[in-house]
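Chemist: Provided below are the primary sequence and the corresponding predicted coordinates.
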Amino acid sequence: MSRLPFDPIDEAARQWGQRWPGVPAMHAVTSLMRVQQLVIGRLDAILRPHGLTFARYEALVLLVFSSRGSLPLGKMGERLQVHPTSVTSIVQRLEAAGLVVRRPHPEDGRAVLAEITEAGRAVVEQATQDLVGADFALGALTEAELTTLSALLAPVRHAAGDF
């Protein structure tokens with residue numbers, strides 16, 4: 001894709017301002033959404049050789065972080081902040097790849113556990129090295145800017161009920 005000779009978000013904001021209020025918020029949200037597209041695209045490209053998407057990678061990391069290497073699917077959905085249907089799909093794909101296994105919950109007959117396999121742990125280690133090596137696709141920012149960005153986004157997440 002060729003570069004434009006101007007910033008299309010700046011131009012959209014200019015035209016927006018001729019019609020409606022809220023230019024700073026419109027500019028910020030449009031920029032945020034575009035950066036999200038760029039970052040997810042880059043992360044998925046980094047993870048593709050490992051047979052992962054970022055959503056599947058996050059699920060594997062969550063299992064690595066769990067004390068037993070397994071969690072109920074419902075708990076995974078809560079912690080990943082995704083719909084139960086999405087968790088089921090993610091776990092099914094990870095299971096098909098041999099990275100997790102599903103087991104009945106030993107204490108709750110209604111629940112299913114996802115448990116990471118040794119192959120899953122190995123993939124997490126390799127994929128994490130690649131993501132860290134690529135600065136999680138945010139290498140254009142300094143460490144201080146990354147810290148500021150996280151701090152700027154926290155109130156929006158909090159207001160939405162994320163935590």
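Modeler: Done, it's in.
Chemist: Show the residue spans covered by the helices in the protein.
Modeler: 8-19, 23-47, 54-65, 73-80, 84-96, 118-133, 143-159 (DSSP state H).
Chemist: Residue 2: which of the ones you listed is closest?
Modeler: Closest of the helices of the chain to residue 2 is helix 8-19, at 12.7 Å (criterion: C-beta to C-beta). For glycine as for every other residue, the C-beta is placed from the backbone atoms N, C-alpha and C.
Chemist: Could you name the helices and strands sitting against the closest one?
Modeler: Using 3 or more C-beta pairs under 8 Å, 6 or more residues apart in numbering; DSSP states H and E, the elements in contact with helix 8-19 are helix 23-47.
Chemist: And the chain, what are its domain boundaries?
Modeler: Here the domain parsing of the chain from automatic domain parsing is 1-50, 52-128.
Chemist: Quick one: the helices of the chain as JSON lines, columns for distance to residue 104 too.
Modeler: Below are the helices of the chain laid out as JSON lines (distance: least, C-beta to C-beta, whole Å):
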{"stretch": "helix 8-19", "distance to residue 104": "50"}
{"stretch": "helix 23-47", "distance to residue 104": "30"}
{"stretch": "helix 54-65", "distance to residue 104": "17"}
{"stretch": "helix 73-80", "distance to residue 104": "12"}
{"stretch": "helix 84-96", "distance to residue 104": "14"}
{"stretch": "helix 118-133", "distance to residue 104": "19"}
{"stretch": "helix 143-159", "distance to residue 104": "34"}
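Chemist: Highest average neighbour count across these: which stretch is it?
Modeler: Scoring those by mean neighbour count under mean count of other C-beta atoms under 10 Å gives helix 54-65 as the most buried, with a mean of 20.
Chemist: how big is the angle separating that one from helix 84-96?
Modeler: Relative orientation of helix 54-65 versus helix 84-96 (axes from the mean of the first three to the mean of the last three C-alpha atoms, to 10 degrees): 80 degrees.
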